[in-house]
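Chemist: After the sequence you'll find the predicted model.
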Amino acid sequence: MTKLYENIERGTAISLLKKINNGEIILKGEFVMVIEPFSLKDNDLIFDNKIYKFLLDNMPAKDAAKIISMITKENKRDIYKKLLELK
């Protein structure tokens, strides 16, 4: 089912949009987009200070560190130290 102007482009949605806007990809006729669902790999989840402070306001630092460690797979002691700095 090859077509005359068939192209296969790979990249993130943002990078492909930039290529389209810059004229690097020219859309002719129909096109199909296949989008992979978002997935987290180990340590990809980053908590910002707002989340740390929220947890500290609602539970002891020890418990907050344990929960964050379970979610992010970061070292519990490192998280605990970071939480104590925010107090």
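Modeler: Perfect, I can see it now. Residues are numbered from 1 along each chain as shown.
Chemist: switch to C-alpha atoms for all contacts and neighbour counts from now on
Modeler: Fine.
Chemist: could you say which helix or strand contains Ile67?
Modeler: When elements are defined using DSSP states H and E, Ile67 is found to belong to helix 61-72.
Chemist: In terms of secondary structure, what does that helix contact?
Modeler: Packed against helix 61-72 by the contact rule (3 or more Cα pairs under 8 Å, 6 or more residues apart in numbering; DSSP states H and E) you find helix 49-58, helix 76-86.
Chemist: let's see it at 6 Å
Modeler: Other helices and strands packing on helix 61-72, by 3 or more Cα pairs under 6 Å, 6 or more residues apart in numbering; DSSP states H and E, are helix 76-86.
Chemist: Just the CA trace of the helix it packs on, in PDB.
Modeler: Provided in PDB are the C-alpha atoms of helix 76-86 (Å, rounded to 0.1, in the frame of the first residue of the first chain):
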ATOM      1  CA  LYS A  76      14.000   7.300  51.500                       C
ATOM      2  CA  ARG A  77      16.900   8.900  53.500                       C
ATOM      3  CA  ASP A  78      17.600  11.400  50.700                       C
ATOM      4  CA  ILE A  79      14.000  12.400  50.500                       C
ATOM      5  CA  TYR A  80      13.800  12.700  54.300                       C
ATOM      6  CA  LYS A  81      16.800  15.100  54.300                       C
ATOM      7  CA  LYS A  82      15.200  17.100  51.600                       C
ATOM      8  CA  LEU A  83      11.900  17.300  53.500                       C
ATOM      9  CA  LEU A  84      13.700  18.400  56.700                       C
ATOM     10  CA  GLU A  85      15.300  21.300  54.700                       C
ATOM     11  CA  LEU A  86      11.900  22.500  53.700                       C
END
